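>>> Predicted structure and sequence below. I'll ask about it afterward.
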Amino acid sequence: MHLLSSSCVFALFVTALLRQVSGLETVIGLYGETLEIPCNNGAIKADVTLLKWKYNKGEGLPGDLLVKTKGQNFSISADDEYKDRVSLAANFSLLLSKAKLSDQRTFTCMVVANADIAEYPVNMVIHKMPTDLEITDKAEELGIGKLTKLGACVAKDANPAANITWLKNNKPLVAEGEGVSIQAEVVVDPDTGLSTTISTLEYSAEKKDADAQFSCSTQHPGGVPLVSSPVTFSITFSTENIKLEVSAPDPLVEGANVTLTCVADGNPAPTSFNFHLKGELMPVENTDSYTITDVSRNNTGEYKCSLIDDPTMEASEEIIVKYLDINLSLSGNVVRRADEPLDPHLQIDASGDTQVSWTKNKVKLDKEPKFTKVTYSDSGLYECLVTMDGLSRSASFELAVEGAPVIRHLTKQLGDDGTHKVLICEAEGFPKPAVSWSINGTLLDEGTFTNGKITHKITVVPRANLTVSCTVSNEFGVDTRAINVSSLNEDVKMHKQDSADDSDQTKLVIGVVVGLLVALVVIGIAYFVYSKKSKQGSWKTGEKECGSSEEEKKLEEKVEENSQKAEV
């Protein structure tokens, strides 16, 4: 092997430095990680004779790290803090473990290739994200219109120092005017060199901030945004508005309970109020409600509530207790004599407009029942229903019209099998009249006694013509009516006679029609003979065939008349 003398090596080194074209590259590494510092950005040829890594200790003093000669492994030349932290990558990059802020310096790669010597300095920058971002020293409450310290946002152990932005409902807050003030402070740890940023926010709150969420964020170089957990604050302010709420059943009727609640928008909310109960002052402590029990129509009116410490701050509401009272002049069982007048009077006392409906025996009536003269058919159960705004009241009476019975109809009819007759007696009266017949018969049916009406049917088998009477009676009188009933044999004879009469009448009509037809034929023949003779005489004598026009006209009228009779 050919070795160069030391004087030759020095000459070559000086020559290389004179010809060197150098530049400063910057590499960013993460705190605590292993740094890879490239040599000439990784563009190193394989025929490197000598490669050396060194660093700037400061004040122009160099420090050696490691050396690699061609064909040999690298050797560590550092004897300080880098002794156990440096290594060489395959592409000649310097590997530096457990990066610290003190590693922020210039590292230089010197390369000897053939007769050339080059140096490639690299400026190392170390970044570190904050370990945490949180809001501390939070205010217990915020006052409206008053600049108050809301809290401090702390970003710990970062490099470079974190830049903090305050957010309200995820929108940045800008320190402008008198409502927002932001002050930032950076503290450097003397041991690690890491920076802690403390940003203090002073804020003048508004009512709408009662539910606002405040947070802070930072965007570190090369990292993702970091946002703190949101916080909310109690916003304190004096009462500006007050209202009175009424809690009651709908509809509010007598006997119910009503709760009055005074709602104020102050924070903290007032706990003492005055309730004005129609002129009566009722103060309450540690509550915002007052309950009126068992209300009546007399409780209708205006109610108010106000603050005890500011009586001018008040609210009011109108309370209306609804009521519905009815009084029907008739009730229970009502008895009237037939033909007597009856005028049920309904009196209504209500807090509003009402609707009235009437029924008789559960059937709706078109109008209120009034009677100039009651009849038996007017008997029945009368009910009235009065409604108003969800309230309803009802009343009823049952009318019974009494009097002496009267037979309205007495009829007869032949039974379906023709072997008996059915006698029907229809009567009115009250109490229920007793029905009797002047002939023994079989009871066929006694209809239901409804509205003073009764129908009584019996079956009889009369052997001779007779007169049958129906008698109805009750405690007020008696009525009787008679009807003629023929025997069944007589009915048969009358039926046959009626049939014979019908046959004779049919024969008579047929004879009349035949006679008229014969007469019509005879008249036609006579007219034909007469007409022929007249024509013959005229031809023989040579006279005009005019004949007697009057005779012809009379003959034609006669024929027409006979023809009409024949048609009839």
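Looks like it arrived, so ask away.

>>> how many neighbours does residue 99 have?
20 (other Cβ atoms under 10 Å). C-beta coordinates here come from the backbone N, C-alpha and C atoms, glycine included.

>>> so it makes contact with residue 36?
No. Contact between residue 99 and residue 36 fails when scored by Cβ atoms under 8 Å: they sit 10.5 Å apart.

>>> which residues touch stretch 216-225?
If you take Cβ atoms under 8 Å, 6 or more residues apart in numbering as the criterion, stretch 216-225 is touched by 28, 127, 129-130, 133, 135, 153, 155, 158, 160, 162-167, 197, 199, 201, 226-228.

>>> Flag every buried residue along stretch 163-174.
If you call a residue buried by 16 or more other Cβ atoms under 10 Å, then stretch 163-174 has these buried ones: 163, 164, 165, 166, 167, 168, 173.

>>> Can you pull out the residues in contact with it?
Defining contact as Cβ under 8 Å, 6+ apart, one finds that stretch 163-174 is touched by 133, 153, 155, 180, 182, 184, 197, 199, 201, 203, 209, 212-219, 227.

>>> just stretch 184-203 next, same as before
Contacts of stretch 184-203 (Cβ under 8 Å, 6+ apart): 31, 100-102, 128, 130, 142, 147-164, 166, 173, 179-183, 214, 216, 218.

>>> hmm, try it at 7 Å
101, 128, 142, 147-162, 164, 166, 179-183, 216 (Cβ atoms under 7 Å, 6 or more residues apart in numbering).

>>> Buried among those? Make that a ChimeraX selection.
In ChimeraX, a selection of the buried entries from the contacts of stretch 184-203 looks like this (16+ other Cβ under 10 Å):
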select :101,128,142,148,150,151,152,153,154,155,156,157,158,159,161,162,164,166,180,181,182,216
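
>>> Filter the contacts of stretch 184-203 down to the ones in strands?
Counting by DSSP state E, the contacts of stretch 184-203 place 142, 148-158, 164, 166, 180-183, 216 in strands.

>>> picking that back up, I'd like to know which of the contacts of stretch 163-174 are buried.
133, 153, 155, 180, 182, 197, 199, 201, 203, 209, 212, 214-218.

>>> quick one: the strands in the stretch 201-350 of the chain?
Ranges of strands in the stretch 201-350 of the chain, per DSSP state E, counting those that start in this stretch, are 214-218, 226-227, 234-236, 242-247, 258-264, 272-277, 280-285, 289-292, 301-307, 314-319, 324-328, 332-337, 346-350.

>>> Could you spell out the sheet neighbours of the last one, each with its direction?
Just to be clear, that refers to strand 346-350. Under the criterion DSSP bridges, strand 346-350 sits next to strand 324-328 (antiparallel) in its sheet.

>>> roughly how far out does the partner strand sit from the chain middle?
Centre-to-centre, strand 324-328 and its host chain are 37 Å apart (Cα atoms, centre = their mean, to the nearest Å).

>>> Need the residues that contact it.
Applying Cβ under 7 Å, 6+ apart, the external contacts of strand 324-328 come out as 344, 346-350, 354, 384, 386, 388, 391, 393, 395, 397.

>>> For residue 404, which non-adjacent residue is closest in space?
Nearest residue to residue 404, sequence neighbours excluded (Cβ to Cβ, 6 or more residues apart in numbering): residue 477, at 2.8 Å.

>>> pLDDT value on that neighbour, please?
According to the prediction, residue 477 has pLDDT 92.

>>> Just list whatever residues bridge to it.
residue 474.

>>> roughly how far apart are it and residue 376?
14 Å (Cβ to Cβ, to the nearest Å).

>>> between these two, who's got more neighbours?
residue 376 (22 against 13).

>>> from the buried ones among the contacts of stretch 163-174, which two are the most distant?
Of all pairs drawn from the buried ones among the contacts of stretch 163-174, the greatest distance, 25.1 Å, lies between 197 and 209 (Cβ to Cβ).

>>> which phi and psi does residue 103 have?
Dihedral angles of residue 103 (phi, psi; degrees, to the nearest 10) stand at phi -80, psi 0.

>>> give the contact list for it.
Here residue 103 is in contact with 35, 96, 124, 126 (criterion: Cβ under 7 Å, 6+ apart).

>>> what number of residues lie near residue 515?
Neighbours around residue 515, by other Cβ under 10 Å: 12.

>>> whoops, residue 385 was the one
Neighbour count of residue 385, defined by other Cβ under 10 Å: 16.

>>> Same check on residue 282?
So residue 282, with other Cβ under 10 Å, has 13 neighbours.

>>> That one reaches residue 290, doesn't it?
Yes. Counting by Cβ atoms under 7 Å, residue 290 is a contact partner of residue 282 at 6.1 Å.

>>> Quickly list what's touching both of the two.
Counting by Cβ under 7 Å, 6+ apart, the residues touching both residue 282 and residue 290 are residue 275.

>>> picking up where we left off before, between the contacts of strand 324-328, which is nearest residue 333?
residue 397 (7.5 Å).

>>> Apart from its chain neighbours, what residue comes closest to the closest one?
Excluding its sequence neighbours, the residue lying closest to residue 397 (Cβ to Cβ, 6+ apart) is residue 330, at 4.0 Å.

>>> For that neighbour, give its distance to residue 80.
Distance, residue 330 to residue 80, using Cβ to Cβ: 122 Å.

>>> more neighbours, these two?
Here residue 330 and residue 80 are set side by side on neighbour count (other Cβ under 10 Å), and the busier one is residue 330, at 18 against 11.

>>> Helices along the stretch 401-550 of the chain, start to end?
488-541, 549-567 (DSSP state H, counting those that start in this stretch).

>>> weakest of those helices by average pLDDT?
Among those, helix 549-567 scores lowest, at a mean of 45.

>>> In three-state terms, label residue 383 for me.
Secondary structure, DSSP: H, G, I helix; E, B strand; the rest coil: residue 383 is strand.

>>> So it is in contact with residue 359, correct?
Yes. The criterion here is Cβ under 7 Å, and residue 383 meets it with residue 359 at 5.0 Å.

>>> any shared contact partners between these two?
Contacts common to residue 383 and residue 359, judged by Cβ under 7 Å, 6+ apart, are absent.

>>> Distance of residue 92 relative to residue 53?
Taking Cβ to Cβ, one finds residue 92 at 9 Å from residue 53.

>>> Same drill for the two, tell me which one is more crowded.
Shown here are residue 92 and residue 53; by other Cβ under 10 Å, residue 53 has more neighbours (29 against 20).

>>> For that one, list each beta-bridge partner.
The partner residues for residue 53, given DSSP bridges, come to residue 66, residue 109.

>>> cool, and residue 135?
Applying DSSP bridges, one finds that residue 135 bridges with residue 153.

>>> okay, now it: neighbour count?
For residue 135, the count of nearby residues is 20 (other Cβ under 10 Å).

>>> And the pLDDT for it?
Confidence score, pLDDT, at residue 135: 94.

>>> can you tell me which residues contact it?
151, 152, 153, 216, 228, 231.

>>> Relative to residue 179, how far out is the residue lying closest to residue 180 once chain neighbours are set aside?
Counting by Cβ to Cβ, 6+ apart, residue 180 lies nearest to residue 173, which is 5.3 Å off, once chain neighbours are set aside. Distance, residue 173 to residue 179, using Cβ to Cβ: 9 Å.

>>> Same check on residue 114?
In this view, residue 114 and residue 179 are 71 Å apart by Cβ to Cβ.

>>> again, but for residue 476
From residue 476 to residue 179 the distance is 100 Å (Cβ to Cβ).

>>> nearest residue to the most centrally placed residue in the chain other than its sequence neighbours?
Centroid-nearest residue in the chain, with Cα atoms, centre = their mean: residue 250, separated by 19.4 Å. Distances taken as Cβ to Cβ, 6+ apart place residue 390 nearest to residue 250, at 7.5 Å, with adjacent residues excluded.

>>> In this structure the one you found contacts residue 251, no?
Yes. Proximity of residue 390 to residue 251 meets the contact threshold set by Cβ under 7 Å, at 4.5 Å.

>>> which of those two has more neighbours?
residue 251 (17 against 11).
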